[in-house]
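> From the sequence below, what's the structure:
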Amino acid sequence: MKKLFLLAIAVISFSLSSQAQNVKFGFKGGLNLADVDFEVAGVDPDSRTGYHIGAVLQLGLADTFAIQPELLYSTQGTDIFDVDYLNIPVLAKLKFAKIFSVEAGPQFGFVVNDGVKNAFFSTLESESFDISGAVGAGVEFGPVFGQIRYNFGLTDVVDGFDGKNKAFQISVGYYIF
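So this is what the prediction gives:
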């Protein structure tokens, strides 16, 4: 019984240490081309060019599959209505050919800053929470990586209006371990 217990401890320890080798942590940042697909009082706002920056954790569950949660500050909205979020995407990542990957999953956003640039629309108020879907692709060269991603809103951005976020992101990053 004692040998069986020690064998179980050894197997669990080996399993945990091999999983720890598949954990990557790093930082990323990049360009946002964001928009909200709504029309207010006959005005169709233009897109907003912004940025995103934050941390990335990649949890390798197999050689070709990982879960990738992130914590990102992201500037989104339109040219007349800025909405900045603290976004938490949780992506399933499928890796192939050792350097390429595709990813998809939900993204949860918490408004940290909003503002209206046009007095006519000063009554607009953003919702405090946003749920989006995210799909993308990436490449990794050692600790350096690049990603492209499209985020599409599933909930309304502005209280009382039917309009959802959409953003195209281009990112570069670096895994520190």
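> need the strands for this structure, in chain order.
Assigned by DSSP state E, the chain shows strands spanning 23-36, 48-62, 65-77, 81-96, 100-116, 129-141, 144-156, 164-175.
> To T123, which of those lies closest?
strand 100-116 (8.4 Å; C-beta to C-beta). Where you see a C-beta, it was placed from the backbone N, CA and C, and this is true even at glycine.
> what comes up buried for stretch 160-177?
G163, K164, N165, K166, A167, Q169, S171, G173, Y175 (16 or more other C-beta atoms under 10 Å).
> Hmm, K164 and D37 touching each other?
Yes - contact criterion C-beta atoms under 8 Å: D37 and K164 qualify, at 5.8 Å.
> Low-confidence bits of this protein, can you list those?
Residues of the chain meeting the criterion pLDDT under 70: 1-21, 39-41, 118-121.
> mind checking how far the residue nearest the centre of it is from L72?
The residue lying closest to the centre of the chain (C-alpha atoms, centre = their mean) is P89, at 3.7 Å. To L72, P89 is 7 Å away according to C-beta to C-beta, to the nearest Å.
> What's opposite the closest residue to N113 other than its chain neighbours in the beta bridge?
What sits nearest to N113 in space, not counting adjacent residues and going by C-beta to C-beta, 6 or more residues apart in numbering, is D84, at 4.0 Å. D84 has these beta-bridge partners by DSSP bridges: T75, N113.
> Let me see the backbone angles for the closest residue in space to V158 that isn't next to it in sequence.
Nearest residue to V158, sequence neighbours excluded (C-beta to C-beta, 6+ apart): L124, at 5.3 Å. When read as degrees, to the nearest 10, the backbone of L124 gives phi -70, psi 130.
> Quick check: bridge partners of the nearest residue to V144 once chain neighbours are set aside?
Once flanking residues are discounted, V144 sits nearest to Y174: 5.8 Å by C-beta to C-beta, 6+ apart. Following DSSP bridges, Y174 is listed with bridge partners F27, V144.
> and for D37 and K164, which residues touch both?
Residues within reach of D37 and of K164 at once, by C-beta atoms under 8 Å, 6 or more residues apart in numbering, are G153.
> ok, back up a step: tell me the one of the buried residues of stretch 160-177 nearest V23?
Within the buried residues of stretch 160-177, the smallest distance to V23 is 9.8 Å, found for Y175 (C-beta to C-beta).
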